[in-house]
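Asker: Just a sequence and a predicted model for now, questions to come.
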Amino acid sequence: MTDTVAAAPETVLGPFDIGRVMAALPHRYPLLLVDRVEELVIDKRIAAIKAVTMNEQFFQGHFPGRPIMPGVLIVEALAQAAGILAVESLGLAGSGKLVYFMAIDGAKFRKPVEPGVLLRLEATFVQKRSSVCKFAGVAKIDGQVVAEANFTAMIADPPSA
């Protein structure tokens with residue numbers, strides 16, 4: 001007879017409204033790029049939403065007549081979703097800790113992101129330590145991948161005043 005060890009049950013949180021998102025992230029308008037968290041599995045993954053509207057400031061100049069969300073902001077939105085995953089998984093929500101980019105690797109942009117879409121932001125832990133985490137992120141519209149990137153972030157205290 002063999003003994004089997006049951007896997008620990010996953011801790012699934014969500015949905016998070018904008019208030020809970022803002023409690024987890026220090027970002028505010030116009031750079032808060034996560035509107036809602038649909039699901040967060042502690043220590044594993046997050047699925048969040050950015051509602052891309054024509055009212056975004058960046059559409060005034062990128063590009064007039066053909067508004068497209070800048071790729072760097074898509075990666076930033078993925079990183080913010082990952083930041084929520086990190087602070088929630090490490091029990092740091094509301095602690096004032098900040099999540100800083102350290103590296104971005106393999107960023108690929110497959111389709112333009114235009115106003116009027118719901119951008120689904122999916123991020124998973126690749127590696128998790130107390131102060132440095134690695135993530136894989138994918139942005140989707142209607143199930144189609146529009147961008148992807150791997151990134152590393154550092155969790156640190158905010159600068160002293």
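Answerer: Now that the structure is in, tell me what you want to look at.

Asker: Now for the spatially most central residue of the chain: which residues touch it?
Answerer: Central residue of the chain (Cα atoms, centre = their mean): Ala81, 1.7 Å from the mean position. Under the criterion of Cβ atoms under 8 Å, 6 or more residues apart in numbering, the contact list for Ala81 reads 34, 37, 46, 48, 121-123, 137. The way it works is simple: take the backbone N, C-alpha and C, and place the C-beta from them, glycine included.

Asker: That one belongs to a helix?
Answerer: Yes. With DSSP: H, G, I helix; E, B strand; the rest coil as the criterion, Ala81 is assigned to a helix.

Asker: In stretch 68-75, which residues are buried?
Answerer: Under the neighbour-count criterion of 16 or more other Cβ atoms under 10 Å, stretch 68-75 has 69-71, 73-75 buried.

Asker: Let me have these in JSON lines, extended by pLDDT and distance to Gln57.
Answerer: Written out in JSON lines, the entries for the buried residues of stretch 68-75 read as follows (pLDDT from 0 to 100; distance: Cβ to Cβ, whole Å):
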{"residue": "Met69", "pLDDT": "98", "distance to Gln57": "11"}
{"residue": "Pro70", "pLDDT": "98", "distance to Gln57": "11"}
{"residue": "Gly71", "pLDDT": "97", "distance to Gln57": "16"}
{"residue": "Leu73", "pLDDT": "98", "distance to Gln57": "10"}
{"residue": "Ile74", "pLDDT": "98", "distance to Gln57": "15"}
{"residue": "Val75", "pLDDT": "98", "distance to Gln57": "18"}
